[in-house]
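Asks: Here is a sequence together with a model predicted from it:
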Amino acid sequence: MKTFRFVFLLTITLAMAVALNSKISGIPPLGKFLSPFHGFWQNAEEEGASYEDKINLKGLSASVSVYYDELRIPHIYAENETDLHFAQGYLTARDRLWQMDFFSRLVFGRLSEIIDNEAVVDFDKFNRRIGLKRMTNEFYELSKSDEELHEIIIAYTAGVNAYIKQLSYGDYPVEFKLLNYQPEEWTVEKSCMAYAMLSNTLSRGESDLENTNALSLFGREIFDLLYPEQLGNISPVIPTTKKWDFEPVKVEKPKVTFPLISTPQTIDKPHPLNGSNNFAVSKAKSKSGNVLLANEPDLELTLPSIWYAYHLNSDQKNVMGVTVPGTPIILIGFNDSISWGVTNSPRDQVDWYSIEFRDDSREEYLYNNQWFKTEKVVERFMLADGSTVSDTIIYTHHGPVVYDRNYMGDHQKVNYAMKWIAHFPNTTFTAMNDVNKSKNYQQFVSAMRKFQGPPQNFIFGSANGDIALWLPGRFPVKWKEQGKFLMDGSDIDHEWKDYIPYDHLMNAKNPQQGFLTSANQHPVDSLYPYYVYDHNYEYYRGRRINDRLRVLDQITPKDMMKLQNDNYNYMASESLPMMLDYLDTSRFTTREKDFKELLQKWDYFNEPNLKAPSLYQLWWDRLYSAIWDEIDTISIAARRPHRFVTIDLLKKDSSFVFADILETSKRETTKDLINLTYSESLDSLENWITENGDDYSWSRFKNTTIRHLLRLGPFSESEVPVGGYSGIVNAASKGHGPSWRMVVELDPDGTKAWGVYPGSQTGNPGSPLYGHMISNWASGTYYPLLFGSNIQGSDQIIFTQVLQPK
Amino acid sequence: MKLIIRIFLIIIVAYFLSFYLPWWSLIVLTFIIGFLIPGHGLNLFISGFLGGGLLWMAYSWYLDTKTQSILTDKIIHLFPFEDGFLLIILSGLIGGLSAGFGCLSGNSFRHLFMKKKTKSFYS
């Protein structure tokens, strides 16, 4: 009896202990998670700086001083590069370890190990198929040839591991506890992940298969009408005054036909709203006589933020700026002599080649009338439930066969190999490391030679008075429309043959106009002697920035900030007057009349407190969808034409054929459609009001949300009171926007800089500082960034820490 | 009296051990205390429940107050509840149950070794 009682009670106790120690149907292990000594309670932080004065670390060669300013940016002063980056790794891990782990799992296709969800397994397979893991491993191997960079990577990795090693469960970031897994060792390969991550976000965009579908469906004439390569009034990145005085590498369009295979479904593309603005102003146009520079990358708005800010100081460099956590090199920033910033330069970097396999074994494929061997790689995925799945990826000399019978291809013909320039060996981080240390234009330009992508518009300014724009990268010399459509992988004529020589790359320096800008628009006008193509250029932000800088004079850093936060809706200014003109007011109700007046009085600024922008956006979205209902109903992959093109078509042609609504028997004209969508949008506004209340002012209506990476509501911030929208310089849309705003004045007596980002240095949702910069970011208020040779004595410093060798 | 001794012993020893050992050290500790300081079953459960429960509840309450509920308010919204105090109660409950069953098992383990004595009682 007693034995039974003991066994019974022990069983209950052990079962309870095991249950409270395990994650059950998505709920974190309650014993671990709720223990006040170990669980989430340990992640809650008090107000004030809670850093340790002294930390002893094995791996340092000398003491490193770290000064924290009010933004908690670490100003790291080390005697040498190794100690500097060791400390950088350690401190980044302290503030962002979970985010680093999450990013590395994304890049290596290992998220399914920690998240039990079928869609996540598919996401991992996809990321391995497009090669993020392979690229990263190869990137690391190649980094060995640059001794300096390689040592930085090793030191940084060691710093991250020094932090991880001393953690116990109670110290884990709260996301580890929620998902119930442990931080694992950081690796040198992981320290290289930013290259694949950024390429995936910035240079993977394309529409080749959608183009092929549309071409075969609509024919050439309508295709060119809906997807023109250039329209007038584009205000390119390189000022049109630039002369190209070189002999271009010759390329002849061979006699080829594109394979017109229709693809039912295509892979996910990078978000079309990823973009950025940057601009620099010459000495002559600036009030102080110093060069001014501004940059802001518009990316997905997340918590923890994509960026982490540092000031790095060693015997080799003195540089400040931001980088992606997990990456040792500053990507956007300034030093005592120069400043630089980047915007994405859309240039079709991915081409698809249709592959013909010899038989079902897929061991050989046809190329140039011969059979060539494929390479097969089996990728394994360990799932959260303990099981393993695998996926076989076939490689051809073009690249990985991403679409095949196991992925997206539902009939035999769909076997497409991906040729992506990001897969090529590159020295992009060597270039960035050199930029960090550049003292002048010459050094910056020689760093640009090593930058092979993802293609960026590099804005440059120096204390000695130069401004410049460089568009470095690896670009194949293409014949007209090469790679715009699916190509024939067996035909040697479809291959790229040469690359644009470095000396022929686009750049501009100290132009007459006194400023340089870029905003993801067309890089250059049609006089550039090479074929340049992308499916998604920006048409509005660049024109607004150029309009403003042309008229502004005596420019101050304040003006630069104001321009970064400019809410002028160029698109509304070019579409709303036409839309209003078409309205038939003869039978208008009072409501319809009132709203028309509201729109008529609007000055096209998307200020957060105005109501007109909400109404305009609602109407435009409705109109745009109604016009392209033809595209949406197509059973194969297709994309809607650009809104700039749409407005152009509407203006040119009042009997525009796409104005017809498919569902109705009547043949609608542009006028019908505009009137119809106007009253529909008023109805839908009323529905919105019923659900959300009377106040439909723009920021409430738009609801800009900075989402936690796991999309957890309580860790996210919604209804951020910010104006702007996509296509507006202040590009804060619902989930994308300025992820780091920086303005720099290159004063020869000491660089001055200001910055803000929608987040916080700490990634801990339990910190009072979590997301603390969001409100200033929303209102366009900048923080002066502490920089200079003598910051030790500054009253901006709130805490001093010493890391010393153990 | 034994009840109070057990409760205090659990609170004090578990408090210090918890900084070094995993959360389930509470169960091991209460098992040992249940073994060393015998008593009636219910009595033991109550001492464990109160000792572990009060410790976990008080300490989570302390951390919550010290940090102005910054994380409590976020975590509770991950679940379909509103009031962060529920998490403090739940923590107490889990600490209490773990310690209560720890004590009970420890006590019943002790009874295994008192076999001889009980036999002689019947004979």
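Replies: Great, that's in hand.
Asks: only C-alpha atoms for contact and neighbour calcs from this point on.
Replies: Noted.
Asks: Which residues lie in contact with A:Val251 in this structure?
Replies: Applying CA atoms under 8 Å, 6 or more residues apart in numbering or on different chains to A:Val251 gives the contacts A:477-479.
Asks: Any regions of chain B where pLDDT drops low?
Replies: Of all residues in chain B, those with pLDDT under 70 make up the ranges B:115-123.
Asks: Quick one: name the residues of it near chain A.
Replies: In this structure, chain B approaches chain A at residues B:18-19, B:22-24, B:27, B:56, B:59-60, B:63-64, B:66-72, B:74-75, B:77-78, B:87, B:90-91, B:94-95, B:98, B:101-102, B:104-105, B:108-109, B:111-112, judged by CA under 8 Å from any CA of the partner chain.
Asks: The same query, at a cut-off of 7 Å, please.
Replies: Within chain B, the positions lying close to chain A (CA under 7 Å from any CA of the partner chain) are B:18-19, B:23-24, B:56, B:59-60, B:63, B:66-67, B:70-71, B:74, B:77-78, B:91, B:94, B:101-102, B:105, B:108-109, B:111-112.
Asks: For ChimeraX, write a command that selects the buried ones of those residues.
Replies: Provided next is the ChimeraX selection string for whichever of these are buried by 16 or more other CA atoms under 10 Å in any protein chain shown:
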select /B:18,23,24,56,59,60,63,67,70,71,74,77,91,94,101,102,105,108,109,111
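Asks: Just among the contacts of A:Val251, which is most surrounded?
Replies: Per-residue neighbour counts (other CA atoms under 10 Å in any protein chain shown) across the contacts of A:Val251 peak at A:Lys478, which has 24 neighbours.
Asks: Pop out the phi and psi values for it.
Replies: Phi and psi for A:Lys478, reported as degrees, to the nearest 10, are phi -110, psi 150.
Asks: again with A:Gly333
Replies: Dihedral angles for A:Gly333 - degrees, to the nearest 10 - are phi 170, psi -150.
Asks: residues touching it, list them.
Replies: Contacts here follow CA atoms under 7 Å, 6 or more residues apart in numbering or on different chains; on that basis A:Gly333 touches A:320-322, A:339-341.
Asks: Identify the spatial nearest neighbour of it, chain neighbours not counted.
Replies: Computed as CA to CA, 6 or more residues apart in numbering or on different chains, the closest residue to A:Gly333 that is not its neighbour in sequence is A:Gly321, at 3.9 Å.
Asks: Need the nearest residue in space to A:Lys450, chain neighbours excluded.
Replies: Setting aside the residues directly before and after it, A:Lys450 is nearest to A:Ala431 in space (CA to CA, 6+ apart), at 5.0 Å.
Asks: helix or strand for the one you found, which one?
Replies: Following DSSP states H and E, the helix or strand that holds A:Ala431 is helix A:428-437.
Asks: Could you list the residues in contact with the very next helix or strand once past that helix?
Replies: If you walk from helix A:428-437 toward the C-terminus, the next helix or strand you reach (DSSP H and E) is helix A:441-448. With contacts defined as CA under 7 Å, 6+ apart, helix A:441-448 is touched by A:431, A:434-435, A:438, A:472.
Asks: Helix A:441-448: which residues count as buried?
Replies: When neighbours are counted by 16+ other CA under 10 Å, the buried residues of helix A:441-448 are found to be A:441, A:444-445, A:447-448.
Asks: Any idea how far it is from the middle of the chain?
Replies: Mean C-alpha position of helix A:441-448 versus that of the full chain (CA atoms, centre = their mean, to the nearest Å) differs by 25 Å.
Asks: Show residues contacting stretch A:496-504.
Replies: Identification of contacts with stretch A:496-504 by CA under 7 Å, 6+ apart yields A:449, A:474-478.
Asks: still on that earlier bit, and the angle from whichever strand or helix holds the residue nearest to A:Gly333 to helix A:428-437?
Replies: Take DSSP H and E as the rule and A:Gly321 turns out to sit in strand A:318-323. Computed with axes from the mean of the first three to the mean of the last three CA atoms, to 10 degrees, the direction of strand A:318-323 lies at 130 degrees from that of helix A:428-437.
Asks: Please name the strands paired to strand A:318-323 in the sheet, noting orientation.
Replies: Looking at strand A:318-323 with DSSP bridges, its partner strands are strand A:308-313 (antiparallel), strand A:332-335 (antiparallel).
Asks: just the strands in the stretch 601-750 of chain A please.
Replies: With DSSP state E, counting those that start in this stretch, the ranges of strands along the stretch 601-750 of chain A come out as A:707-708, A:736-738, A:741-746.
Asks: For the first one, name the packing helices and strands.
Replies: It stands for strand A:707-708. strand A:302-303 (3 or more CA pairs under 7 Å, 6 or more residues apart in numbering or on different chains; DSSP states H and E).
Asks: picking up where we left off before, from the contacts of helix A:441-448, which two are the most distant?
Replies: Farthest-apart pair in the contacts of helix A:441-448 is A:Ser438 and A:Pro472; separation 16.3 Å (CA to CA).
Asks: surely the residue nearest to A:Lys450 meets A:Gln452?
Replies: No. Contact between A:Ala431 and A:Gln452 fails when scored by CA atoms under 7 Å: they sit 8.7 Å apart.
Asks: Between these two, tell me which one has more neighbours.
Replies: Using other CA under 10 Å, the more surrounded residue of A:Ala431 and A:Gln452 is A:Gln452, with 22 against 19.
Asks: Skipping adjacent residues, who's closest to that one in space?
Replies: In space, and not counting its chain neighbours, A:Gln452 is closest to A:Gly473: 3.9 Å by CA to CA, 6+ apart.
Asks: State the pLDDT value of that neighbour.
Replies: The pLDDT attached to A:Gly473 in the predicted structure is 93.
Asks: how much space is there between it and A:Trp420?
Replies: For A:Gly473, the distance to A:Trp420 under the criterion CA to CA, to the nearest Å works out to 13 Å.
Asks: quick one: the residue nearest in space to the middle of chain A from A:His535, how far?
Replies: Central residue of chain A (CA atoms, centre = their mean): A:Leu299, 4.2 Å from the mean position. With distances defined as CA to CA, the gap from A:Leu299 to A:His535 amounts to 19 Å.
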